[in-house]
Every structure is written in structure tokens, then in C-alpha cells.
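Participant: got a sequence here, can you model it:
(2 chains)
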Protein chains: 2
Amino acid sequence: MKRGDWLIEEQTPSYQTRWRVKDVLHVEQTPYQLLRLVEMEDFGRALVLDDAVQTTVGDEHIYHEMIAHVPLFTHPNPERVLIIGGGDGGTAREVCRHESVTKVDMVEIDRAVIEACKKYLPETACGMDHPKVNLVVGDGLKWVADHTDEYDVIIVDSSDPVGPATGLFNRAFYENVYRALKAEGLFVAQVLSPFFHQDLIRDVYGVVSTIFPITMPYLTVVPTYPSGLHCFMLGSKKHSPLREGIGKPSWPTRWYTPAIHRAAFELPPMVAELVEPAGVQTGQ
Amino acid sequence: MKRGDWLIEEQTPSYQTRWRVKDVLHVEQTPYQLLRLVEMEDFGRALVLDDAVQTTVGDEHIYHEMIAHVPLFTHPNPERVLIIGGGDGGTAREVCRHESVTKVDMVEIDRAVIEACKKYLPETACGMDHPKVNLVVGDGLKWVADHTDEYDVIIVDSSDPVGPATGLFNRAFYENVYRALKAEGLFVAQVLSPFFHQDLIRDVYGVVSTIFPITMPYLTVVPTYPSGLHCFMLGSKKHSPLREGIGKPSWPTRWYTPAIHRAAFELPPMVAELVEPAGVQTGQ
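Facilitator: Numbers count the residues shown, from 1 in each chain, chains lettered A, B, ... in the order given. Below you'll find the model as predicted:
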């Protein structure tokens, strides 16, 4: 790939998004995936793994604010946080803004992703340099299995369920997440698009809702992800994301607000039906 | 264009969406635009005007439910409705579901669009055959200028501000819309994507908010539109879309619910700032 080429993301064999590449910053076949850092004309510098755009400077704030602040404000006093994946650092950056947070373990499997992001995506990678962050290069699956009753919030900021992230979408993993959480703990995982990955969302909901008493999907827009609509699954032992008294950021945000937090859980029927007949627990 | 070709929509010169065409149903250069009806692999049959996808069977329900039900439930008793554009018929279909509606004038400038949609998009075009609908092939700009104090709701379901729709985005038009509305009337217009058309949204808000006492943008997802995030501008003489006592559909919907209605007006800061410093009138 060279300057002026099109980066092609195939959402399906017959539906593509294409970005013209202004500059190719880094290309590397890691032990886990094809890692590319490119600069696009419209969305700026971007992390691309195995032909799927993961993060762009132009819209990363939406994904990272929504994956971090929704669970962290749902928990009344999050201190210990685990991030699985998240090698661009953007989730860690947002998590560390929460004053109550004392320590963040971040377990990313691919060292090359971390190093490339530190070099080319300082806007997000700065999160990994925060003094609260304990950065571990390792297997998130194993890390979760090895910890019990330790975390207030776990954030699964993985790539899609192909390649190294495959194990992050099955029952054994979510059972381990449950065990790794404290009695008031909760987790969030990204579960792709309600337009292109309906079976995945239905399956993950089916599994999580048999493990966690509160299981609620929520939605946000991410322009550079397939269909523009992105889904997160929240599983919680005690606290509803729609409880009274949710806090609010003491710092400027570009996407997240307490009202956006609540609105994100309002599911249109075509999404709500993915999580029936078990029924959506709206917490209301 | 032939079967197997890619339909290319250039959002910018360096950002494209491409759909593989399963079948080409109709191609015609009308007096106003290049009209194409195609069948796509993933989203089904689609109306394409001048290389921009307008409607697909796969996601049209979102756009049409959100452009129709938000204003019609905002008005406590909408009887007379005007649709400008909307040649695929989907907006008329949704408007006619409202029992209070007695007559819908629908003014579409391009007869060829109507005829092609009747032939190839019966799912939406059925709306134009409803007995409440008075279908007019004509100039919406002129129609609005020629009517005073007549409508409860006006819906501007236009293509983008290039080609025949250019005049639907300026001050003279919105002043005429105000005059054509009754004392409790309101209108909605589609104003594109907050990611790619920020100046347009800012400009339309600036104009509409000097004419209408209540001016509020709202958002929805439309996967086949640029960025997936789509904005509508609502201008109202009296009723807030967030007033108490909003009705709800007595028919099944796939996207719209009263909760989605309210959530659509929750603007993330990066969208809210487009309509500052005048400030967003949240009605709360």
C-alpha cells in the first residue's frame, strides 16, 4: 500500500467503504494480525488491523467516550478497572479521567499495536502513559481467568471476533469476567453493528443475560464503523445504567453527556427484537 | 451500469461507499437528475439520484419513520400535511398511518421518480396511492409560496442541496413554509450529516431559528447515508417535540418509539456546538 491508494474495508463481499490513503505510516505483520497505521484524507491518522479500521483521529472520541463513561458512571465509585485490548490507548485515556479510579490494568495481546500507536496516534496512546495505568502485554482471556473479585469495571475493547479476539465472545469468557468482578461490578464489551452482526448480538445477549442479573445493550454512532451504528453489551451485578444519581463529567466531552448516556439505552424495535424474547431489561 | 458493477457514492473525493449491483432495474436521465433504480446485494432495491443513494428497501423504514412520526406526534392533532419531494412515497406511507390526518398534499417535481418508484419500489410507493394523498407533480418551492395558513405539518423530504433541491435550503423558502403553516403548525426538513455537512446544518439552523420560535435539530441513524448519522431540522410555531403528552403509534414500527423520539433530540456536544451560540432550544 502506498500514498494515494484506497484502503478498502469490505463490510460484506458486496458492500465496501473506501478511504484514500494520504500517507502510509507503518505496516507490519505481527504474530497476531496485519497492523497498519495510515493517514486518511477525511478522518486523519488511523489504526487498521486486518483490513478493518479500528480507530481514527476524526471519530475515535465517540467510541472511546461511550465505551468508558457509560460503565464508569454506572458504577457509583469505580476504583479498580480492567481494560482488555484497547491497544490504541483511547479507552485508558477516558477511564483515567475519572477521579475515583485508582488503578487501571490494561491487558493488550499485541505489543506491536501499542508501540505503533505510541508513535503515530499520540492522541489516544497518551492514555497508556497515565500513572494510574498498569500496562500488560498479554492474553486478556488468561488474565481474566486468573483474577477473582478484583475489579469494579471491566471493559472489553477488542477487535472483532476474528483473529486474536475470537475467544472474547463466548460463555467461558463472560463467566470469568463475572468472577473477576467485585460484588457491585459491571462490564462492557463492544459487539459490533446491529445491521451486520445480528446473530452475534443475539448470541452474546443470550449468554450474558444468563450470567448477569442486569444485561443491557446500548447504541452509539461511529461513522467509520460498518453501518455507522455500533452496539455495546453491558452486564452488571447490581447497578443499572439507568439508576438515579448517575454522575457527570467534570471535563469537556465531545460526545458523552448524561442525556446521551440515557438515550443510548433506548432501543428501536429492530434492535430490541435481537434481545427478545428474554426481553430487554430497561431498568425502568 | 450493469449487473455486478459497483455503484459508487463519493461522500468526499477521498471517501467512498460502494455497493455491488445485483440488478439494474431502470436508468433514465430526467429533466432534473440521473434516475436509477438498482438492486443491491445487501440492502435490496434502491432509488439512486445523481449517484446518491436515496432509499433502500433495507433501511428506508428508519428515515421515513423518523421524518414523519416526529413532527406528526409533536403536533397534537395534525390534519393537513404537505410533503415536498418524497417521490419514493415512503414518507406519505408513514404520514397516512396517522388517523387524524385528513389530506396530504405531496408535491414532487420529478414525475419520472414517481413512476419508477411505483414500478420498482412498491414497498414505499404504496404511500402515494393512499386515498388521503393528493399527488401533485410540480415545484414545491412555488407550491409553498402559493399557500397560506393551510398546513398543520410540512415535511421537506428533499434530495441534497444540489440539483433540483437547491432552493429548499434558503431563507425565502423557510419564510414561505412559516406562512403556509397554521398558527400551531410545524415543519421538518432533512439536513444531511453532522459529520460531512456541518456548515449546512449551522446555516439552516441560523435561518430557521430567526423565523420559528422553536427550532430543534434531531438525529437518527441511516446506514446507507454518509457517516450513518443523519440530521433533521424541526421548526415549530407553538408545540415542542418534547412537550408532555406526545402520542404513540397504534401500529407496529421498526425504529420509531416515543422514547426514540425523545432520545433523538439529545445532541452530543459536537453536534450541539453547530447550533450555538444561539443555543439549542431543548424545550426542557
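
Participant: in contact with A:Val271, which residues?
Facilitator: Contacts for A:Val271 (CB atoms under 8 Å, 6 or more residues apart in numbering or on different chains) come out as A:194, A:217, A:219, A:231. The C-beta positions use only the backbone N, C-alpha and C, and glycine is treated the same way.

Participant: what's the burial count for A:Pro76?
Facilitator: Neighbour count for A:Pro76, taken as other CB atoms under 10 Å in any protein chain shown: 14.

Participant: okay, the contacts of A:Val271 in a markdown table with neighbour count, secondary structure and pLDDT next?
Facilitator: Shown next, in a markdown table, are the contacts of A:Val271 (neighbours: other CB atoms under 10 Å in any protein chain shown; DSSP: H, G, I helix; E, B strand; the rest coil; pLDDT from 0 to 100):
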| residue | neighbour count | secondary structure | pLDDT |
| --- | --- | --- | --- |
| A:Pro194 | 25 | coil | 94 |
| A:Pro217 | 22 | strand | 98 |
| A:Leu219 | 20 | strand | 98 |
| A:Cys231 | 26 | strand | 97 |
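
Participant: tell me which of those residues is nearest to B:Ala46?
Facilitator: Among the contacts of A:Val271, A:Pro194 lies closest to B:Ala46 (CB to CB), at 20.0 Å.

Participant: excluding covalently adjacent residues, which one is nearest to that closest one?
Facilitator: Among residues not flanking A:Pro194 along the chain, A:Val271 sits closest, at 4.7 Å (CB to CB, 6 or more residues apart in numbering or on different chains).

Participant: just the pLDDT at the one you found, thanks.
Facilitator: Looking at A:Val271, its pLDDT is 95.

Participant: three-state assignment of it?
Facilitator: Look at A:Val271: counting by DSSP: H, G, I helix; E, B strand; the rest coil, its state is helix.

Participant: helices of chain A, residue ranges please.
Facilitator: Per DSSP state H, chain A carries helices over the ranges A:60-74, A:90-95, A:111-120, A:122-125, A:140-145, A:171-180, A:198-211, A:258-264, A:269-272.

Participant: just name the most buried of those.
Facilitator: Comparing those by mean neighbour count (mean count of other CB atoms under 10 Å in any protein chain shown), helix A:90-95 comes out on top with a mean of 28.

Participant: other residues contacting it?
Facilitator: Here helix A:90-95 makes contact (CB under 8 Å, 6+ apart) with A:55, A:60-61, A:63-65, A:67-69, A:72, A:81, A:83, A:86, A:101, A:104, A:106, A:123-124, A:126-128, A:130, A:133, A:153, A:155, A:157.

Participant: residues of the stretch 101-250 of chain A that sit close to chain B?
Facilitator: Taking CB under 8 Å from any CB of the partner chain as the contact definition, the stretch 101-250 of chain A meets chain B at A:195, A:219, A:221-223, A:227-229.

Participant: how many residues are close by the residue in chain A that chain B sits nearest to?
Facilitator: Residue of chain A nearest chain B, by CB to the nearest CB: A:Gly228 (1.3 Å). Around A:Gly228 sit 25 other residues, with neighbours defined as other CB under 10 Å.
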